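K.L.:
predicted model follows, preceded by the sequence.
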Amino acid sequence: MLDSAPKANAVVGQRSSGFYVRFDRPVDHQDSRLAIKQAGRIVEVLHPRLESMPDVLFARAPALPPGRYSLHWIVGGNPQFDGEIPFTVGSD
């Protein structure tokens, strides 16, 4: 993983709705997943856009209430790999 929005431990506004993870090689968009978690539970499943750049998983999410979250990603294929990016939604 090279880059993401939000960045690890960032504080974002409630209106922030675009999430992405950039990798150092092309990813299989169809077999990859993104989700927003809070306290270890999935609160929103995101659907990566198939027309994104080959090395980027991008999805939109509804506005989230203030609190601590993580963006969980799973890149499909062989081998499969995953990770989490913690972030906080502040009050606007």
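P.N.:
Noted; the coordinates are in hand. Residues are numbered from 1 along each chain as shown.
K.L.:
contacts and neighbour counts: CA atoms only from here.
P.N.:
Will do.
K.L.:
what about residue 2, neighbour count?
P.N.:
10 (other Cα atoms under 10 Å).
K.L.:
and it, how far from residue 26?
P.N.:
12 Å (Cα to Cα, to the nearest Å).
K.L.:
same check on residue 66?
P.N.:
33 Å.
K.L.:
next one: residue 62
P.N.:
From residue 62 to residue 26 the distance is 27 Å (Cα to Cα).
K.L.:
ok, now residue 84?
P.N.:
In terms of Cα to Cα, residue 84 sits 19 Å off from residue 26.
K.L.:
OK, contacts around residue 35?
P.N.:
42-46, 71-73 (Cα atoms under 8 Å, 6 or more residues apart in numbering).
K.L.:
and it, helix, strand or coil?
P.N.:
strand (DSSP: H, G, I helix; E, B strand; the rest coil).
K.L.:
give me the neighbour count for the nearest residue to it once chain neighbours are set aside.
P.N.:
Leaving aside its sequence neighbours, residue 35 sits nearest to residue 45 (Cα to Cα, 6 or more residues apart in numbering; 4.4 Å). For residue 45, the count of nearby residues is 15 (other Cα under 10 Å).
K.L.:
so residue 45 is in which element?
P.N.:
Residue 45 is part of strand 41-46 when elements are defined by DSSP states H and E.
K.L.:
name the helices or strands packed onto the helix or strand that that strand is followed by?
P.N.:
Note on strand 41-46: by DSSP H and E, the next helix or strand toward the C-terminus is strand 56-60. Judged by 3 or more Cα pairs under 8 Å, 6 or more residues apart in numbering; DSSP states H and E, strand 56-60 is in contact with strand 18-22, strand 28-38.
K.L.:
okay, buried residues for the last one please.
P.N.:
For strand 28-38, burial by neighbour count (16 or more other Cα atoms under 10 Å) applies to 29, 32-38.
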